[in-house]
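>>> Structure here, sequence nowhere to be found:
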């Protein structure tokens, strides 16, 4: 039985070209990028080339790219770094109820330190309302952090409109673009964002590396202390081999952005069509027309997440849910709870399927048939 991976929003397999790019770096480039001798310069060259590619991919300056260990650290640096660095201007932060926990748990920690946090609601379409953001803004607001694409539903937030709204406000605008990067056009100047988070392992690159774009004018406190790497904003010897792999993954993602987006959209439509053909009762969560091509979140009435995922796994289907599963109990998805209410059954019967470069029309259809078989058996 072929195992079919449909959990690319969680992580992606490394592209073979990325692996082949990294192998010679492992063998030949071991110097510390901060060293002045030839071994260090060779490593620094790799790092500089990677930084230039990252910057170009979002139309930024290479001085504005900070390498991190991934999306979580980048979110933490953006949120805590700007909050602590700009506390003299105010202590109010605005985010949403559907953020990734890398953001939610970070702002919750800042609340304990005396910051005032407003959590914007979302509606059944999965999006915030600009009017709610307008009402929440005050003279004390120093940071607005709203994700580009939700990791559970795939719903795209109105980032450009938010950037326009904040243009004349003192608040910095941060967006977690982990799920958006590589599939949507990202120009930080046109979007009006001051900070933006990207993670390598979501675009078929290596785990353990990401970057934070932070505009040059931002006052950003470092969260760690040690050396003066990353322009004193993120100390620690840089992950050179990871940066080389990340660079290749970014190049591939940008070069293939349109074709991948079209392919994943086709996979999504084929998957849903096959479920319908098999007479499965289901609902897509969130505004389908506002979702990114790679993600679909589906509610299966009369089922529960834990049983579904267990049976999917037994049938060779890898998918996931926003629900936190523990022995004998399921904690409802915080995203779907925000959209539909905590007691809505879809918060505990919904599955996220997410597509990637190694999916094909054939295995997507086969996955849908297996899912249909399981759902029919359970309902």
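Happy to help now that I have it. Bear in mind the structure is a predicted one, so any value in this text is a computation, not a measurement.
>>> low-confidence ranges in the stretch 251-379 of the chain?
Scanning the stretch 251-379 of the chain for pLDDT under 70 picks out 323-330.
>>> ok now stretch 237-249, how far from the chain's centre?
Distance of stretch 237-249 from its chain centroid, counting by CA atoms, centre = their mean, to the nearest Å, is 19 Å.
>>> for it, which positions count as buried?
238-249 (16 or more other CB atoms under 10 Å). Backbone N, C-alpha and C define where each C-beta goes, glycine included.
>>> got those as TSV, with pLDDT, distance to residue 292 and secondary structure columns?
Shown next, in TSV, are those (pLDDT from 0 to 100; distance: CB to CB, whole Å; DSSP: H, G, I helix; E, B strand; the rest coil):
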residue	pLDDT	distance to residue 292	secondary structure
238	95	30	coil
239	97	27	coil
240	97	31	helix
241	98	29	helix
242	98	25	helix
243	98	26	helix
244	98	27	helix
245	98	23	helix
246	98	21	helix
247	98	23	helix
248	98	22	helix
249	98	18	helix
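>>> Can you add distance to residue 218 and give those residues back as CSV?
Converted to CSV, the buried residues of stretch 237-249 look like this (distance: CB to CB, whole Å):
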residue, distance to residue 218
238, 21
239, 23
240, 26
241, 29
242, 25
243, 22
244, 27
245, 28
246, 22
247, 24
248, 29
249, 26
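>>> Residue 183 reaches residue 261, doesn't it?
Yes: contact criterion CB atoms under 8 Å: residue 183 and residue 261 qualify, at 5.0 Å.
>>> shared neighbours of the two, anything?
Residues touching both residue 183 and residue 261 (CB atoms under 8 Å, 6 or more residues apart in numbering): 293-294.
>>> more neighbours, these two?
Ranked by neighbour count (other CB atoms under 10 Å), residue 183 and residue 261 place residue 183 first, with 22 against 16.
>>> name the element residue 298 belongs to?
If you go by DSSP states H and E, residue 298 is part of strand 295-299.
>>> quick one: contacts for residue 179?
For residue 179, the residues meeting the contact criterion (CB under 8 Å, 6+ apart) are 9, 147-151, 154, 202, 292, 294-295.
>>> redo that, cut-off 7 Å
When contacts are counted by CB atoms under 7 Å, 6 or more residues apart in numbering, residue 179 touches 9, 149, 151, 202, 292.
>>> returning to that earlier point: helices or strands next to the helix or strand following the strand holding residue 298 in the packing?
Scanning forward in sequence from strand 295-299 by DSSP H and E, the next helix or strand is helix 305-314. The elements that helix 305-314 packs onto, with contact taken as 3 or more CB pairs under 7 Å, 6 or more residues apart in numbering; DSSP states H and E, are strand 324-326, helix 361-378.
>>> wait, which of those is closest to residue 302?
Closest of the helices and strands packed on helix 305-314 to residue 302 is helix 361-378, at 7.5 Å (criterion: CB to CB).
>>> The stretch 101-250 of the chain: helices as residue ranges?
Counting by DSSP state H, counting those that start in this stretch, the stretch 101-250 of the chain has helices at residues 101-112, 130-136, 159-165, 188-191, 240-255.
>>> which helices and strands sit right next to the second one?
Here helix 130-136 touches strand 116-120, helix 159-165, going by 3+ CB pairs under 7 Å, 6+ apart.
>>> what angle separates the shortest one from helix 101-112?
So the one you mean is strand 116-120. Here strand 116-120 runs at 140 degrees with respect to helix 101-112, directions being taken by axes from the mean of the first three to the mean of the last three CA atoms, to 10 degrees.
>>> And strand 116-120, what's buried?
Within strand 116-120, the residues that qualify as buried are 117-120, counting by 16+ other CB under 10 Å.
>>> Kindly report the same for stretch 209-227.
Residues 209-215, 218, 220, 222-223 are the ones in stretch 209-227 that count as buried (16+ other CB under 10 Å).
>>> got CSV for those, with pLDDT too?
Rendered in CSV, the data for those read as follows (pLDDT from 0 to 100):
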residue, pLDDT
209, 98
210, 98
211, 98
212, 98
213, 98
214, 98
215, 97
218, 95
220, 95
222, 94
223, 93
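>>> now do the same end-to-end measure for stretch 195-205.
With CA to CA, to the nearest Å applied, stretch 195-205 spans 21 Å between its terminal residues.
>>> So which residues make contact with it?
Outside of stretch 195-205, the residues within contact range by CB under 7 Å, 6+ apart are 11-15, 18, 58, 70-71, 74-75, 78, 172, 174-179, 181-182, 188, 206-207, 209-214, 218, 242, 245-246, 249-250, 253, 357.
>>> Try it again at 6 Å.
When contacts are taken as CB atoms under 6 Å, 6 or more residues apart in numbering, the neighbours of stretch 195-205 outside the stretch itself are 11-12, 14-15, 18, 70-71, 74-75, 78, 174-178, 181-182, 188, 206-207, 209-214, 245-246, 249, 253.
>>> Sounds good, over and out.
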